[in-house]
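Student: quick one: sequence plus predicted model below, questions after.
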Protein chains: 2
Amino acid sequence: MRELLRTKGYKMTPQRELIFRAFLEAGEHVSVEDLYQRVREIDSSIGYSTVWRSLKLICTVGLAKEVNLGDGVTRYERITLQPHGHLYCLQCKTLTEFEMANIVSLLEPIARTYRFQVEGLKCEIHGLCEECRKRNQNTDSTGLTH
Amino acid sequence: MRELLRTKGYKMTPQRELIFRAFLEAGEHVSVEDLYQRVREIDSSIGYSTVWRSLKLICTVGLAKEVNLGDGVTRYERITLQPHGHLYCLQCKTLTEFEMANIVSLLEPIARTYRFQVEGLKCEIHGLCEECRKRNQNTDSTGLTH
DNA sequence: GGCCAAATGAAATCGAATTTCACTTTCAAT
DNA sequence: ATTGAAAGTGAAATTCGATTTCATTTGGCC
């Protein structure tokens, strides 16, 4: 880790050490706020902006990327070898990943058709997860709250 | 239009008349700011919040939906019969649509596998469009500015 | 015409993201 | 080990789009 940073001209610090570890140990898809809370349980002197900057840095060195779902909160997820899409529950905000290699092989020809240089592919299914649907049946019948 | 609103309990007003028309005449993918500028060229007394509320209303009555690309600006696009994905140029921010019926037929089984009730499907290709790539060759060699 | 819920516009507020700034720390070159 | 320049830190301030508030006006049904 220290090496990875150094080769790109960044310094290792105790804060980064802690934040990077917390990020890797956290499940997928943490927001700055999520990680900030986790980190401050261990060292409450670490500032929000340091966590924010560290997450940006983690992205810069290629270990993670931002995920934006349109709910106003940016999440960060580790970059994985195989491309995946997201099932996003509009109610509980839970993210589930699904394999999308087969979809990628459809998207790439499309990009080629439009002479587009691909930097990233994204596939999302927004809706209601099984748990939320069950929960809704026991309470109201509308499904969504807004 | 007036009827569509009335049946859902909304009133038609001169402002809405103008904003709705401007939205339909505008190309796809306008932001609130975009539409506000267009509208105020015709009637500069119309407020930003009215434009914002009208776009929300257009979504509510089912004529448009929000598109979020992670660049901090919400765009609105007319709902079309056939599902489409977006080619999003990270440099000039231009959106191009592509047909994705074949991808939808891959996504639906996935949703079913996860017992997910689908509310919306999204497919995006982020990258550089042909124009921007050409433009970059004539200036710098890095490609992206940040 | 008259009512009254809905709509409007300006300004205020919200909240996440990002920047500023004074101070501290890292680390490569002594 | 020392040190100085560059990078990093934390608190607070700022930014900026989205959203709400509120006093006032308006649409459309009686």
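Tutor: Cool, got the structure.
Student: what stretches of chain A score poorly on pLDDT?
Tutor: Residue ranges of chain A with pLDDT under 70: A:140-146.
Student: again, only this time at 50
Tutor: By pLDDT under 50, the low-scoring segments of chain A are A:143-146.
Student: can you list the domain ranges for it.
Tutor: Using automatic domain parsing, the domains assigned to chain A come out as A:1-79, A:80-146.
Student: quick check, A:L4 in a strand?
Tutor: No: according to DSSP: H, G, I helix; E, B strand; the rest coil, A:L4 belongs to no strand; its state is helix.
Student: DNA strand C: which of the domains of chain A is closest?
Tutor: DNA strand C lies closest to domain A:1-79 among these, at 3.1 Å (Cβ to the nearest atom of the strand). C-beta coordinates here come from the backbone N, C-alpha and C atoms, glycine included.
Student: is that closest one positioned near DNA strand D?
Tutor: Yes: Domain A:1-79 lies within reach of DNA strand D by Cβ under 7 Å from any atom of the strand, at A:9-11, A:13, A:15-16, A:45-50, A:53-54.
Student: out of the domains of chain A, nearest to B:A64?
Tutor: Closest to B:A64 of the domains of chain A is domain A:1-79 (Cβ to Cβ; 14.5 Å).
Student: before we move on, back to that, B:C132 is nearest to which of the domains of chain A?
Tutor: domain A:80-146 (8.6 Å).
Student: dump the residues of domain A:1-79 next to DNA strand D to TSV, plus secondary structure.
Tutor: Formatted as TSV, those follow (three-state DSSP):
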residue	secondary structure
A:G9	coil
A:Y10	coil
A:K11	coil
A:T13	coil
A:Q15	helix
A:R16	helix
A:S45	coil
A:I46	coil
A:G47	coil
A:Y48	helix
A:S49	helix
A:T50	helix
A:R53	helix
A:S54	helix
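Student: format the domains of chain A as a markdown table; extra columns: distance to B:G127 and mean neighbour count.
Tutor: Listed next are the domains of chain A as a markdown table, based on distance: least, Cβ to Cβ, whole Å; neighbours: other Cβ atoms under 10 Å in any protein chain shown:
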| stretch | distance to B:G127 | mean neighbour count |
| --- | --- | --- |
| domain A:1-79 | 14 | 15 |
| domain A:80-146 | 4 | 15 |
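Student: quick one: closest of those domains to B:I79.
Tutor: That would be domain A:80-146 among those, by Cβ to Cβ, at 14.7 Å.
Student: right, is the closest one up against DNA strand C?
Tutor: No: Domain A:80-146 stays clear of DNA strand C (Cβ under 7 Å from any atom of the strand), getting no nearer than 12.0 Å.
Student: what about that domain and chain B, any contact?
Tutor: Yes: using Cβ under 8 Å from any Cβ of the partner chain, domain A:80-146 comes into contact with chain B via A:85, A:87, A:89-90, A:96, A:98, A:102-103, A:106-107, A:110-111, A:113-130, A:133.
Student: is any residue of that domain near DNA strand D?
Tutor: No: residues of domain A:80-146 are not located near DNA strand D by Cβ under 7 Å from any atom of the strand, the shortest gap being 9.5 Å.
Student: pull the CA atoms of stretch A:132-142 into PDB?
Tutor: Taking Å, rounded to 0.1, in the frame of the first residue of the first chain, the C-alpha atoms of stretch A:132-142 are listed here in PDB:
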ATOM      1  CA  CYS A 132     -39.100  -4.500   1.000                       C
ATOM      2  CA  ARG A 133     -41.900  -5.900  -1.000                       C
ATOM      3  CA  LYS A 134     -42.800  -8.400   1.700                       C
ATOM      4  CA  ARG A 135     -42.500  -5.600   4.300                       C
ATOM      5  CA  ASN A 136     -44.900  -3.500   2.300                       C
ATOM      6  CA  GLN A 137     -47.500  -6.200   2.100                       C
ATOM      7  CA  ASN A 138     -47.700  -6.200   5.900                       C
ATOM      8  CA  THR A 139     -48.200  -2.500   6.200                       C
ATOM      9  CA  ASP A 140     -49.500  -0.200   3.500                       C
ATOM     10  CA  SER A 141     -50.400  -1.200   0.000                       C
ATOM     11  CA  THR A 142     -48.900   1.600  -2.000                       C
END
